[in-house]
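[1] any chance you could fold what I've pasted below:
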Amino acid sequence: MTKNNSTSRSIAFVLVISFVLLPTFSFALVNEEGVDKFRKSVSSILANTCLRKNNYGVNIYSLDRGETLYEIRSKRLFIPASNAKILTTAVALKYLGSNYRFATRFYTDGILENETLKGNLYIKGSGDPKLVTEQLWLMVNELRNLPIKRIEGNIIADDSFFDDQKRIKTWIKNPGAQAYEAPLGALSFNFNTVKVYVSPGGEVGDQAGIVIEPENGYIKLENSAQTLRPGKRRRLIVNRVDKGDHDLITVSGGINIGQPRAQYFLNITNPTQYALNVFKSYIELSEITFGGQLQQGKVSDGAVELYMHEGEPLALALRGLNKFSNNFVAEQILKTIGGEHLGVPGSTQKGLRVFEKYLKKLGYELGQYSIHDGSGLSRQNRLSPKIIVDILRDVKDDLSVYPEFVTALGIMGVDGNVKNRMRKVASSNKARVKTGTLNFVSALSGFFQSKEGELFAFSILMNDLKCSNRRAKKIQDQIIQKGLNFQRIPAGSVLTDDKEKRSSAP
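    Residues are numbered from 1 along each chain as shown. Okay, the predicted model is just below:
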């Protein structure tokens, strides 16, 4: 081989390598340009006076590429508010299963003869968080069809599947009658709340009209509210007072004539007594004769099962939990997890021990986080954006969990408590999220898909807000909108590598 031939071949080899590498190099530069543009945009959004105390953290992670797109203070611990329900949902699906059903069982220590139950009727709850009006009617109808037309004994409620702690110790000490702070119980009805309707009377000066739903013997009413002339102001106050053996609904103040009917949701004090009294009213409406007493106790030894009612699958209960951030459902599920895995009675502490077991599998030890409830209502809870994203990553990798998990999340601009967020953004339904709100706390975590189809898990936790939660939510929405529009390859970029040619081919 001559020297000239050798030199020519060397030059040709270098040129070939250069042309082979050039498109890939260009692709990398353009890709980095898209990422850098996104990061600068998010940082600019976060430079808001609302967050001037810098007490916030963000983690945005590409599930398709296995890399972090954006993070700031992502390992710092923050109050997660209702983003704690992401942990509750993941553990519930993994440890109970999506088709887990809460059972309510009916027993008797007597005999059923000639349509008469000669003995006591026992109702044993198992913590069903969705035992609502329709479900209770189904139960009563099934008993009537056994057939039972008369009960000669007592009706006894067994709520021993849970411990006797009706509230979480780290919640505020003196709760009001707000529906979101409803007590817990193994036998509960309608989220342990009542609905109170207030209507103006026919004429000025008339007493306001009150309807309590459901009407039952446990709830009493004291009504001093009056109908006011148009324009006159007198605050309408609806409250619930614990009277020991019953709850008293007090309605005072006034409502203007011609004003639409107002409605209020209030929690009740004693879940078991409430459920018993509603059950009694329902069997009477179903023409089942009952003249005994309502009692609390355990199913007696030797009692036989008459009927078992299965509630809706856990996967459906989780939709209400996350789309509408129902605290009661979260805490009932937490106690159920504890009871099923660590033995009866189910308790908050037992449920939290299962949480610890799950987080340990993700690589987190006690001291790296702090969880005191299943709903996020406790201000002592602490999670980091990275922990939440790691939970979302784990869920995404488990096909037995992921479909039900993501279905339970709110769809931006479509449903739940994010129905009115990002409604004018065409691709908002590609963001599935869980919100979190407390005083001076706002959070948003979940999944979104970018314009190029890349799937991301994200968590945004904001504490010590120096603005309204409404403004904080707008900041979160702006970040998610940037994510939905994110392109690693900006529009108009011309790439010459084979991959780009294939992706643009018809």
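[2] distance between the ends of stretch 119-138?
    End-to-end distance for stretch 119-138, by Cα to Cα, to the nearest Å: 22 Å.
[3] CA atoms only for stretch 185-195 - export them in PDB, please.
    Written as PDB, here are the backbone C-alpha positions of stretch 185-195 (Å, rounded to 0.1, in the frame of the first residue of the first chain):
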ATOM      1  CA  GLY A 185     -66.400   3.900  63.200                       C
ATOM      2  CA  ALA A 186     -66.700   0.300  62.000                       C
ATOM      3  CA  LEU A 187     -70.400   0.800  61.500                       C
ATOM      4  CA  SER A 188     -70.900   4.200  59.900                       C
ATOM      5  CA  PHE A 189     -73.500   5.700  57.600                       C
ATOM      6  CA  ASN A 190     -73.400   8.500  54.900                       C
ATOM      7  CA  PHE A 191     -69.800   9.500  55.800                       C
ATOM      8  CA  ASN A 192     -71.100  10.100  59.300                       C
ATOM      9  CA  THR A 193     -72.700  13.300  58.200                       C
ATOM     10  CA  VAL A 194     -76.200  14.800  57.900                       C
ATOM     11  CA  LYS A 195     -77.500  17.300  55.400                       C
END
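[4] show me what counts as buried in it.
    For stretch 185-195, burial by neighbour count (16 or more other Cβ atoms under 10 Å) applies to G185, A186, L187, S188, F189, N190, F191, N192, T193, V194. Yep, even glycine has a C-beta here, placed from its N, CA and C like the rest.
[5] and the second one, what does it touch?
    Going back to what we said before, that points to A186. G125, S126, G127, D158, D159, S160, F161, F162, T272, P345, G346 (Cβ atoms under 8 Å, 6 or more residues apart in numbering).
[6] in which helix or strand would I find it?
    Assigned by DSSP states H and E, A186 falls within no helix or strand.
[7] state the pLDDT value of E32.
    You'll see E32 listed with a pLDDT of 82.
[8] tell me the secondary structure at it.
    helix (DSSP: H, G, I helix; E, B strand; the rest coil).
[9] tell me, how many residues neighbour it?
    11 (other Cβ atoms under 10 Å).
[10] check the buried residues of stretch 185-195 and tell me the two furthest apart.
    A186 and V194 (19.5 Å; Cβ to Cβ).
[11] that older thread, okay if I get the contacts of A186 as CSV plus secondary structure, distance to H372 and neighbour count?
    Below are the contacts of A186 laid out as CSV (DSSP: H, G, I helix; E, B strand; the rest coil; distance: Cβ to Cβ, whole Å; neighbours: other Cβ atoms under 10 Å):
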residue, secondary structure, distance to H372, neighbour count
G125, coil, 24, 24
S126, coil, 24, 24
G127, coil, 19, 28
D158, strand, 28, 21
D159, coil, 23, 24
S160, coil, 24, 18
F161, coil, 22, 22
F162, strand, 17, 26
T272, helix, 25, 23
P345, coil, 19, 16
G346, strand, 16, 27
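[12] reformat these as CSV; add pLDDT.
    CSV is the format used below for these (pLDDT from 0 to 100):
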residue, pLDDT
G125, 98
S126, 98
G127, 98
D158, 98
D159, 98
S160, 98
F161, 98
F162, 98
T272, 98
P345, 98
G346, 98
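[13] what is the nearest of those to I151?
    Of all the contacts of A186, D158 has the smallest distance to I151: 16.2 Å, by Cβ to Cβ.
[14] number of nearby residues for L366?
    Residue neighbour count, defined by other Cβ under 10 Å, stands at 10 for L366.
[15] who are the neighbours in contact with it?
    Taking Cβ under 8 Å, 6+ apart as the test, what L366 contacts is E356.
[16] touching, R488 and D36? I think so.
    No - using Cβ atoms under 8 Å, R488 makes no contact with D36, being 10.6 Å away.
[17] so for those two, which sits in the more crowded spot?
    R488 (21 against 10).
[18] give me the pLDDT for the more buried one.
    91.
[19] ok, the nearest residue to it once chain neighbours are set aside - contacts?
    In space, and not counting its chain neighbours, R488 is closest to G34: 4.3 Å by Cβ to Cβ, 6 or more residues apart in numbering. Neighbour list for G34: F486, Q487, R488, I489, P490 [criterion: Cβ under 8 Å, 6+ apart].
[20] which one of those is nearest to Q476?
    Nearest to Q476 out of the contacts of G34 is F486 (Cβ to Cβ; 15.5 Å).
[21] no more questions from me, cheers.
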